[in-house]
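*Asks:* The following comprises the amino acid sequence and a computationally predicted model.
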Amino acid sequence: MEYADILKTIEQEIKQQKLTGKVANYIPELAKVDPNAFGMHVLCNDGSHFGFGEQHTPFSIQSISKVFMLTLAFKYLEEQEIFKRVGVEPSGDPFNSLIQLEQEKGIPRNPFINAGALVICDILLEVCGNPQAELVKMIQRMADIDKVPINQDVFDSEMKCSQRNQALINFMKSFGNIKHEINEVLTLYTHFCAIELTCAELAGSFTVYAKNGKLSDGTQLITASQTKRINALMQTCGFYDEAGEFSYRIGLPGKSGVGGGIAAVHPNELSVTVWSPPLNKKGNSELGMYALERFTTLSGVSVF
Ligand code: DON
């Protein structure tokens, strides 16, 4: 089946799905989003692209930004330096869990849980002159777009209810794994989570992970080896305590966010993104997972 036909089939099928998921509301601003919004976009490495629905509507990328944070850290530091302070193992726990940190002496399991991404933000504060501007600029280059907005209302809303993330930073600071002020780390991380992109833009930015670290103009943004590491981490840790389920059902490296977005890649082939706000119990887009499962099943495009 051609990609255009596959997407048409998925577009029909998702209308029949009965949703049990709920839009994230622990960040009050995110609860205002339309639960019926749905967008999907496929961008092949040869530049051909396919999509439907609200593929050009910006949404809050939330934890998908953790992939960009790690990518920026890789541009500054050898991997050994980064992975002294954060691990590369799946946590099997919810994204904001504190539970492993005590036994593991403040070293988070991986960079894609909140604790790990907060450590990466602490590292970025050390190595980058202006990490927020640099991350935005990097995404602009990756997606070949002029603007990468940060939604101030989403940022303010999350800052007001960020007790969990404050606790994570505090706890890791007590083990010496956070060097900067708590508010500085939290502010940077929360700004990154409040970035908005459309499905089409997100697929554009994820092309780098499908092209061995190369931008669409052929420039090497990160090395092929670093890209391999990032994809491996997305495969094993991109969906928290649902990473196994995502591998089993979809079979691609990917990353989710509580805004309802999911971005995934098939190395050397394509990037694919979906956006549907209602989340399942593990905090991943319910309909997004369904659409991606149908996409890899109908196309046979999976790494397994
Ligand atoms: O830190 C948080 O809780 C949010 N800014 C991001 C969490 C998130 O997207 C988890 N993803 N599924």
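*Replies:* That came through fine. Numbers count the residues shown, from 1 in each chain.

*Asks:* quick one: the helices in the stretch 201-304 of the chain?
*Replies:* Taking DSSP state H, counting those that start in this stretch to define them, one finds helices in the stretch 201-304 of the chain at 224-237, 243-249, 286-299.

*Asks:* Could you list every helix and strand that the first one packs against?
*Replies:* Right, helix 224-237. In terms of contacts (3 or more C-beta pairs under 8 Å, 6 or more residues apart in numbering; DSSP states H and E), helix 224-237 is packed against helix 65-76, helix 199-210, helix 243-249, strand 254-256, strand 261-266. To be clear about C-beta, it is placed using only N, CA and C from the backbone, and glycine gets the same treatment.

*Asks:* Minimum distance to the ligand: which of the ones you listed has it?
*Replies:* strand 254-256 (4.6 Å; C-beta to the nearest ligand atom).

*Asks:* Walk me through which strands the closest one pairs with, and which way each runs.
*Replies:* Strands that pair with strand 254-256, judged by DSSP bridges, come out as strand 261-266 (antiparallel).

*Asks:* for the partner strand, which positions count as buried?
*Replies:* By neighbour count on 16 or more other C-beta atoms under 10 Å, the buried set for strand 261-266 is G261, I262, A263, A264, V265, H266.

*Asks:* okay, the helices of the stretch 201-304 of the chain in a markdown table with mean pLDDT and distance to V42 next?
*Replies:* Shown next, in a markdown table, are the helices of the stretch 201-304 of the chain (pLDDT from 0 to 100; distance: least, C-beta to C-beta, whole Å):
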| stretch | mean pLDDT | distance to V42 |
| --- | --- | --- |
| helix 224-237 | 98 | 17 |
| helix 243-249 | 97 | 18 |
| helix 286-299 | 98 | 7 |
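
*Asks:* Not counting sequence-adjacent ones, nearest residue to I120?
*Replies:* M69 (4.6 Å; C-beta to C-beta, 6 or more residues apart in numbering).

*Asks:* Quick check: pLDDT value at the one residue sitting closest to the centre of the chain.
*Replies:* In the chain, the centroid-proximal residue (C-alpha atoms, centre = their mean) is I64; its distance is 1.6 Å. pLDDT, I64: 98.

*Asks:* again with K18
*Replies:* 88.

*Asks:* can you give me phi and psi for it?
*Replies:* When quoted as degrees, to the nearest 10, the phi and psi of K18 stand at phi -90, psi 120.

*Asks:* Pull the number of nearby residues for it.
*Replies:* 4 (other C-beta atoms under 10 Å).

*Asks:* L168 now?
*Replies:* For L168, the count of nearby residues is 29 (other C-beta under 10 Å).

*Asks:* That one reaches L101, doesn't it?
*Replies:* Yes: using C-beta atoms under 8 Å, L168 is in contact with L101, at 7.2 Å.

*Asks:* Could you find the closest non-adjacent residue to E242?
*Replies:* Of all residues not flanking E242 in the chain, K282 sits nearest, at 4.0 Å (C-beta to C-beta, 6+ apart).

*Asks:* The closest residue to the residue nearest to the centre of the chain other than its chain neighbours and S285: what is the separation?
*Replies:* Using C-beta to C-beta, 6+ apart and skipping the chain neighbours, the partner closest in space to I64 is G257 (4.3 Å). G257 sits 8 Å away from S285, taking C-beta to C-beta, to the nearest Å as the criterion.

*Asks:* circling back to that earlier point, shared neighbours of L168 and L101, anything?
*Replies:* Common neighbours of L168 and L101 (criterion: C-beta atoms under 8 Å, 6 or more residues apart in numbering): A115.

*Asks:* All the strands of this structure, in order from the start?
*Replies:* In the chain, the strands defined using DSSP state E lie at 39-44, 49-53, 59-60, 196-197, 254-256, 261-266, 270-275.

*Asks:* what about the fourth one, average pLDDT?
*Replies:* Same thing as strand 196-197. 98.

*Asks:* If you count contacts, what does that strand end up packed against?
*Replies:* Using 3+ C-beta pairs under 8 Å, 6+ apart: strand 196-197 touches strand 59-60.
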